[in-house]
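Participant: Take this sequence and fold it.
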Amino acid sequence: VVTLSLLMYPVLRGLALQLHSAITGSYISGTHSIAFINCLNEQIAKDIARAIMDKKLAAYVNILPKSSALYFWKGELEESTEILLLVKTRTTKIGELSDYVRSIHPFEIPEIISLPIDQGNPLYLKWIEESVPRD
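Facilitator: Take a look at the predicted model:
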């Protein structure tokens, strides 16, 4: 019974939070995330952003202008310019988003990191919820 309770806790907690959110209309912290994806140039950034949107893996993608980057690659200090994508999506889609981007990205090891959204405009967060299909 104790083992079963421990195994079921995450599921039951998630259901309780969803029920609370549905009843009160409140946002559950971490339900949505922002993913950061680096790209070599603007065309690659646009292609990846469009592919993400076509697969409905995000509600919104910002394409930020060129920025300078310094990083170590294979033991050497490198300097380049990059375009950054800011991808707004459901947290549950981050794994699928990461897998998909790795499959189409030209970099050997693309930067794909995410941060959960703690708080925000409730109407905007609801729009993300409505724009990205559930799993």
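Participant: Can you show me the helices along this structure?
Facilitator: Ranges of helices within the chain are 2-24, 42-54, 94-104, 122-131, based on DSSP state H.
Participant: Please convert those to JSON lines, extending it with distance to S114, mean neighbour count and mean pLDDT.
Facilitator: The way it works is simple: take the backbone N, C-alpha and C, and place the C-beta from them, glycine included. Listed next are the helices of the chain as JSON lines, based on distance: least, Cβ to Cβ, whole Å; neighbours: other Cβ atoms under 10 Å; pLDDT from 0 to 100:
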{"stretch": "helix 2-24", "distance to S114": "19", "mean neighbour count": "10", "mean pLDDT": "72"}
{"stretch": "helix 42-54", "distance to S114": "13", "mean neighbour count": "16", "mean pLDDT": "98"}
{"stretch": "helix 94-104", "distance to S114": "5", "mean neighbour count": "15", "mean pLDDT": "98"}
{"stretch": "helix 122-131", "distance to S114": "13", "mean neighbour count": "14", "mean pLDDT": "93"}
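Participant: Out of those, flag the one nearest L84.
Facilitator: For L84, the closest of the helices of the chain is helix 42-54, at 8.0 Å, according to Cβ to Cβ.
Participant: Show me what the closest one is packed up against.
Facilitator: If contacts are counted by 3 or more Cβ pairs under 8 Å, 6 or more residues apart in numbering; DSSP states H and E, helix 42-54 sits against strand 32-39, strand 60-73, strand 76-90, helix 94-104.
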